[in-house]
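Q: take a look and give me a structure for this.
(4 chains)
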There are 4 protein chains.
Amino acid sequence: MKPALLIIDMINNFDFTHGEILSKKASRITAPILKLKQNFYQKNWPVIYVNDHYNLWRADIEKIIRFCTNERSNWLLNNIAPSDNDYFLIKPKHSAFYGTALTTLLQQLKVNTLVLTGIAGNICVLFTANDAYMREYSLFIPEDCIASNDDNDNQYALTMMHEVLKANTSTVDNFLTIHT
Amino acid sequence: MKPALLIIDMINNFDFTHGEILSKKASRITAPILKLKQNFYQKNWPVIYVNDHYNLWRADIEKIIRFCTNERSNWLLNNIAPSDNDYFLIKPKHSAFYGTALTTLLQQLKVNTLVLTGIAGNICVLFTANDAYMREYSLFIPEDCIASNDDNDNQYALTMMHEVLKANTSTVDNFLTIHT
Amino acid sequence: MKPALLIIDMINNFDFTHGEILSKKASRITAPILKLKQNFYQKNWPVIYVNDHYNLWRADIEKIIRFCTNERSNWLLNNIAPSDNDYFLIKPKHSAFYGTALTTLLQQLKVNTLVLTGIAGNICVLFTANDAYMREYSLFIPEDCIASNDDNDNQYALTMMHEVLKANTSTVDNFLTIHT
Amino acid sequence: MKPALLIIDMINNFDFTHGEILSKKASRITAPILKLKQNFYQKNWPVIYVNDHYNLWRADIEKIIRFCTNERSNWLLNNIAPSDNDYFLIKPKHSAFYGTALTTLLQQLKVNTLVLTGIAGNICVLFTANDAYMREYSLFIPEDCIASNDDNDNQYALTMMHEVLKANTSTVDNFLTIHT
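A: Okay, the predicted model is just below:
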């Protein structure tokens, strides 16, 4: 059994209220997420993008990236876009488990621990964490790898994921220290 | 409320035992499926492809079509490939409902009746029909729009879908007569 | 289409950290919940208990009530226990949707709006609200009908359900005024 | 990891077309199922009843048994009714997985193989087998432990579960020989 890294909704057009604020916060968590991603590559552990489909309703990663590309998202997409080695799932709603093949993929990859990263911390990451906890996955949700519009909301989500969902919510560096 | 047309696993490489037989049978059901599809376009009803992902685990319609293209599948892919107006979902297992966003899509489209077509009639179509019946959709499964390796298996699946799942299993022309 | 009243985890033994605090808070929300319940009876709208099974793993309402009966729960159970007219579902995890027949029941009852009540507001009620929102139900979650160990957590859950899940989180009396 | 024995819909009122025929066939598979059950007790492996709820919509095993008791079912209920040590889940539809906590229960019991028994072989047992296969359980479906109204339908279901779902469909004695 091994961990998987989930990167949630980072392919994003930030075209919503407070979208510009969230795009800046998303940029700040990009470096820690990429550091984790490199580490997962080295260990041959799976990296799984799970992303909103922007109501395109076609299984088409290129179309989603094209749709999301704009001034706000450009830097982020250049840095965080999935490579051909990464898994890529489309989700129709907030949780990465709802209406997706994530359960099957994790089963086939023999994954029992999820490392959750991405945006928004108090919405899609939290919904995904709740679902993961009900399915009995262990959770690591590095505090420097999730972001929300409002920092208090982000902190509250972290507290809840730590206390209710028993998630480890320390930093990426802490995760890397544990898993050297 | 309206019907949706499901086209199951017709994007196929036929690279399995009896694959050549099934490719020929799939070719024979192509014309009736396309006739239905045109009719759905005219009525502005949704057309939804639900297809195996060939273990690529990337939401990437182009890659799936490329992977499936070969001598056996070429004619079929040229004729039945989805257009940009069609919905396209990837399924990880046999049923179109398992591990997919189909439930959400049908809910948003206000669909209460499913017209099932594709291959194999006694496997992926039957699994999908079972799941649709448990979710209380009405079913129309035209006998000239599904095919299986073995004709007896196909006939048995049709009988079961008619008797157990209360599906209308007459022909495309019968469906078109009812819905003029 | 009509609303259903969900009463979550009120059959409870309160045998956990801060259980005594929560039992007192649960008592305080009992009167408003019963007021709602009477109103639902008058309108012939469904009342659905969804409750933890306390790891008994048997579909046996009497056993669950017997298991939960103690000094802390006694008053509550005498007042809130389901009658023979109420629906009663067992849930294995936090959300009332996870591993239960709730979706099927709501579909058969033609319900499109859920009124959520019970405990704990920031855990099982919130998980249920999230799942209801992803399934596109309208939500009414009266602030005087949910309780959590910590009042700040309860308030935070209400805020989140109002802002993220678009729930109406006013009072029972407000609900009754709208639906006279 | 260990196997679990599923006993499907044997708590039955047989109040439907051909119900009397099926009640007789159900009686004939009772001895082999009970033999299996004893063997599972000896090995401390789980025995799980999954049963229709007869639209009672209450988690109440006693009520279901009372509702089902009649001249046709009496002998069967006396012999096959669950004991207090058995797990008991209610299912709202045909498959034992749909709208139930079965996935969670099997996960907590560390089960990777399902032994399916009960009625009707070509409906609820087959639907359950399909769902189990998509969830990647190994299947043992003893041919002397399932029954259907029509023997040809029963045989067809066995053939399909063997060929499509890779189930072992030999006899109870064969299962016991393998797992001495």
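Q: quick check: next helix or strand after the longest helix along chain A?
A: In chain A, with assignment by DSSP state H, the single longest helix is helix A:19-43. Once the chain leaves helix A:19-43, the next helix or strand it forms, by DSSP states H and E, is strand A:47-52.
Q: and that next one, C-alpha only, in PDB?
A: What follows is strand A:47-52, C-alpha atoms only, in PDB (Å, rounded to 0.1, in the frame of the first residue of the first chain):
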ATOM      1  CA  VAL A  47       0.100  11.800  -8.900                       C
ATOM      2  CA  ILE A  48      -3.600  12.300  -9.600                       C
ATOM      3  CA  TYR A  49      -5.200  15.600 -10.900                       C
ATOM      4  CA  VAL A  50      -8.900  15.800 -10.100                       C
ATOM      5  CA  ASN A  51     -10.500  18.800 -11.700                       C
ATOM      6  CA  ASP A  52     -13.700  20.600 -12.400                       C
END
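Q: buried stuff in it?
A: A:47, A:48, A:49, A:50, A:51, A:52 (16 or more other C-beta atoms under 10 Å in any protein chain shown). Any C-beta I mention is one placed from the backbone N, CA and C, and that applies to glycine too.
Q: TSV for the residues you listed, including distance to chain D and pLDDT?
A: Converted to TSV, the buried residues of strand A:47-52 look like this (distance: C-beta to the nearest C-beta, whole Å; pLDDT from 0 to 100):
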residue	distance to chain D	pLDDT
A:47	22	98
A:48	18	98
A:49	23	97
A:50	20	97
A:51	24	97
A:52	25	95
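Q: any chance of those in JSON lines, plus distance to residue D:84?
A: Formatted as JSON lines, the buried residues of strand A:47-52 follow (distance: C-beta to C-beta, whole Å):
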{"residue": "A:47", "distance to residue D:84": "47"}
{"residue": "A:48", "distance to residue D:84": "43"}
{"residue": "A:49", "distance to residue D:84": "48"}
{"residue": "A:50", "distance to residue D:84": "43"}
{"residue": "A:51", "distance to residue D:84": "48"}
{"residue": "A:52", "distance to residue D:84": "48"}
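Q: and which of those residues is nearest residue B:40?
A: Using C-beta to C-beta, residue A:52 is the member of the buried residues of strand A:47-52 that lies nearest residue B:40, at 27.0 Å.
Q: residue contacts, that closest one?
A: Neighbour list for residue A:52: A:9, A:11, A:12, A:90, A:91, A:124 [criterion: C-beta atoms under 8 Å, 6 or more residues apart in numbering or on different chains].
Q: mind checking how far it is from residue A:96?
A: 10 Å (C-beta to C-beta, to the nearest Å).
Q: cool, and residue A:108?
A: For residue A:108 relative to residue A:96 (C-beta to C-beta), the value is 16 Å.
Q: which of the two has more residues huddled nearby?
A: residue A:96 (28 against 14; other C-beta atoms under 10 Å in any protein chain shown).
Q: residue A:129 is in contact with the more buried one, correct?
A: No. The pair residue A:96 / residue A:129 is not scored as a contact, 9.4 Å apart, by C-beta atoms under 8 Å.
Q: please enumerate the helices of chain A.
A: Ranges of helices in chain A, per DSSP H, are A:19-43, A:61-68, A:74-80, A:102-109, A:126-134, A:151-163, A:172-178.
Q: which of those helices sits most buried?
A: Greatest average neighbour count among the helices of chain A goes to helix A:126-134 (a mean of 25), per mean count of other C-beta atoms under 10 Å in any protein chain shown.
Q: residue numbers of chain A in contact with chain D?
A: With C-beta under 8 Å from any C-beta of the partner chain as the criterion, chain A comes near chain D at residues A:107, A:108, A:135, A:136.
Q: most widely separated two among these?
A: Spanning the widest gap among the residues of chain A next to chain D are A:108 and A:136, at 17.2 Å by C-beta to C-beta.
Q: next, the buried residues of the longest strand anywhere in chain A.
A: For chain A, the strand that runs over the most residues, judged by DSSP state E, is strand A:111-119. For strand A:111-119, burial by neighbour count (16+ other C-beta under 10 Å) applies to A:111, A:113, A:114, A:115, A:116, A:117, A:118, A:119.
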